[in-house]
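1. need a structure here:
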Amino acid sequence: MGRRPEEEMQAIIAEIQAEIDSAEKKNVLTISANDLAREHGVHPQTVTAILRMMGYEYDGLYWFKK
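-> Numbers count the residues shown, from 1 in each chain. Got it, this is the predicted structure:
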């Protein structure tokens, strides 16, 4: 995932997880992958990979957990 050092990526993943926890409403995220990417200075595909690692799925409109 990206060309950043492993420690830096783990820190970004932890920050994204904390934001997701606060933005989650009934297993649906209220924040977009693009917004998370912009805020953390990573590529949107990196955030997409992180969200999928966390068990989220995208239905074309929202990220959600089953």
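2. Let me know the secondary structure of residue 61.
-> coil (DSSP: H, G, I helix; E, B strand; the rest coil).
3. Give me the number of neighbouring residues for it.
-> Applying other C-beta atoms under 10 Å, we find 7 residues neighbouring residue 61. Every residue, glycine included, has its C-beta placed from N, CA and C.
4. likewise residue 36?
-> Neighbours of residue 36 under the rule other C-beta under 10 Å: 24.
5. Tell me if I'm right that it and residue 47 touch.
-> Yes: counting by C-beta atoms under 8 Å, residue 47 is a contact partner of residue 36 at 4.7 Å.
6. list residues touching both of the two?
-> residue 16 (C-beta atoms under 8 Å, 6 or more residues apart in numbering).
7. now the helices for this structure?
-> Secondary structure of the chain, counting by DSSP state H: helices at 6-23, 33-40, 44-53.
8. Take these and write them to CSV, including distance to residue 62 and mean pLDDT.
-> Below are the helices of the chain laid out as CSV (distance: least, C-beta to C-beta, whole Å; pLDDT from 0 to 100):
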stretch, distance to residue 62, mean pLDDT
helix 6-23, 11, 88
helix 33-40, 11, 94
helix 44-53, 11, 94
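9. Which one, of those, ends up nearest to residue 66?
-> Proximity to residue 66 (C-beta to C-beta) singles out helix 44-53 among the helices of the chain, at 12.5 Å.
10. Show me what that closest one is packed against.
-> Helix 44-53 sits against helix 6-23, helix 33-40, with contacts defined as 3 or more C-beta pairs under 8 Å, 6 or more residues apart in numbering; DSSP states H and E.
11. swap the cut-off to 6 Å and go again
-> Judged by 3 or more C-beta pairs under 6 Å, 6 or more residues apart in numbering; DSSP states H and E, the packing partners of helix 44-53 are helix 33-40.
12. so the helix it packs on versus helix 44-53, what angle?
-> 110 degrees (axes from the mean of the first three to the mean of the last three C-alpha atoms, to 10 degrees).
13. the inter-axis angle of helix 33-40 versus helix 6-23?
-> Using the same axes, to 10 degrees, helix 33-40 lies at 130 degrees relative to helix 6-23.
14. Only the buried residues of helix 33-40, if you could.
-> By 16 or more other C-beta atoms under 10 Å, the buried positions in helix 33-40 come out as 33, 36, 37, 40.
15. That'll do, ta.
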